[in-house]
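>>> A predicted structure for the sequence below; I have some questions about it.
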Amino acid sequence: MTYQKKPYTIHTSRTIMYQELSDLIALGTHEERIIIAENVLRKASRSNLEKTLGFLSRIYDFKIQNELWKVFTYLWSFAEEKDKRILTLLYALKKDDLVRHSLKIVLDTPVGERLNLDSLKKALEEQYPAKYSQITLHSAAKNLASSWKQAGFIEGKVKRIRVRTKPGYIPVVFATYLAYLNGERGENLLRTLWTRVLELSESEIRKLLSEASIRDLILYNYAGGVTVIRFDKLLNAIK
């Protein structure tokens, strides 16, 4: 069935903007007045700064200080660089339709092979027939490739070679939390598009969840074939 809903995306104009997001989080405040006055996003013009800030707000919801943003920045605060990049991609996967529809093309590209932009364009065109011009589709495909590169799944500006990431326990916590928000529970938390992005086996995911549990981030237990994952500790930490 053709997907008819109007896509919610920033990728016809921008990428996941990892560096700008990093600068915003490092500032420690989300007041637009301060962000603009100090040119935190390091743009050459006020117009570009305001546009970029608008796109950041649209995809990451930082202005309304919702629970998702609070969990994201809490996990970000003690994540390694590579895991921060994956966290950002996971957040975008939750919010941005084009990122979700690019997932299969990217993950199905064998490690060491080149990501095909034409395949990305074709996937978007098939998903949203007659919604985008060829110019917009090309721009969106390039922006999506850039976003996956910023997240660590692609290397090289021209060749765009597919590489495998090696996430730690923090992206696993965020991926399962996103699945939880989507209504999944128990075993199903381990088998969603968010955990698929991590490219880990189920045993690897369970091992990293155990590490997160030991570090008192979540409650994780697996016994008798029953999986229990609870986020009370994480949510209490952001209150």
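Yes, it's here. Residues are numbered from 1 along each chain as shown.
>>> tell me which residues in the strand or helix carrying residue 119 are buried?
Per DSSP states H and E, residue 119 falls inside helix 117-127. For helix 117-127, the neighbour count (16 or more other Cβ atoms under 10 Å) marks 117, 119-121, 123-125, 127 as buried. The way it works is simple: take the backbone N, C-alpha and C, and place the C-beta from them, glycine included.
>>> so where is this protein shaky, pLDDT-wise?
In the predicted model of the chain, residues 1-4, 64 satisfy pLDDT under 70.
>>> now the longest helix seen in it and helix 117-127, what's the angle there?
As assigned by DSSP state H, the longest helix anywhere in the chain is helix 134-150. Our comparison of helix 134-150 with helix 117-127, counting by axes from the mean of the first three to the mean of the last three Cα atoms, to 10 degrees, yields an angle of 120 degrees.
>>> Neighbouring strands - and their directions - for the next helix or strand along the chain from helix 134-150?
Next in sequence after helix 134-150, counting helices and strands by DSSP H and E, comes strand 154-155. Here strand 154-155 has these sheet partners by DSSP bridges: strand 161-162 (antiparallel).
>>> contact partners of the strand it pairs with?
For strand 161-162, contacts defined as Cβ atoms under 8 Å, 6 or more residues apart in numbering pick out 106, 109-115, 153-155.
>>> Relative to residue 216, which of the residues you listed is nearest.
Taking Cβ to Cβ as the measure, residue 216 lies nearest residue 153 of those, at 29.9 Å.
>>> List the residues that contact the closest one.
Counting by Cβ under 8 Å, 6+ apart, residue 153 touches 89, 106, 162-165.
>>> Likewise for residue 111?
Each residue near residue 111 by Cβ under 8 Å, 6+ apart is listed here: 162-164.
>>> any idea how far the spatially closest residue to residue 38 that is not a sequence neighbour lies from residue 131?
Closest residue in space to residue 38, ignoring its immediate chain neighbours: residue 27 at 7.6 Å, by Cβ to Cβ, 6 or more residues apart in numbering. With distances taken as Cβ to Cβ, to the nearest Å, residue 27 is found 36 Å from residue 131.
>>> for residue 68, same thing?
According to Cβ to Cβ, residue 68 stands 27 Å off from residue 131.
>>> What of residue 154?
25 Å.
>>> okay, the two: which has more neighbours?
Set side by side, residue 154 and residue 131 show more neighbours around residue 154, with 21 against 15, by other Cβ atoms under 10 Å.
>>> hang on, that one packs against residue 144?
No: in this structure residue 154 lies outside contact range of residue 144 using Cβ atoms under 8 Å: 10.1 Å.
>>> what secondary structure does residue 228 sit in?
Put simply, residue 228 is strand when judged by DSSP: H, G, I helix; E, B strand; the rest coil.
>>> Name the residues linked to it by a beta bridge.
When assigned by DSSP bridges, residue 228 has beta-bridge partners residue 221.
>>> Near it, how many other residues are there?
12.
>>> for the one 5 residues further on, same thing?
By other Cβ under 10 Å, the residues close to residue 233 number 14.
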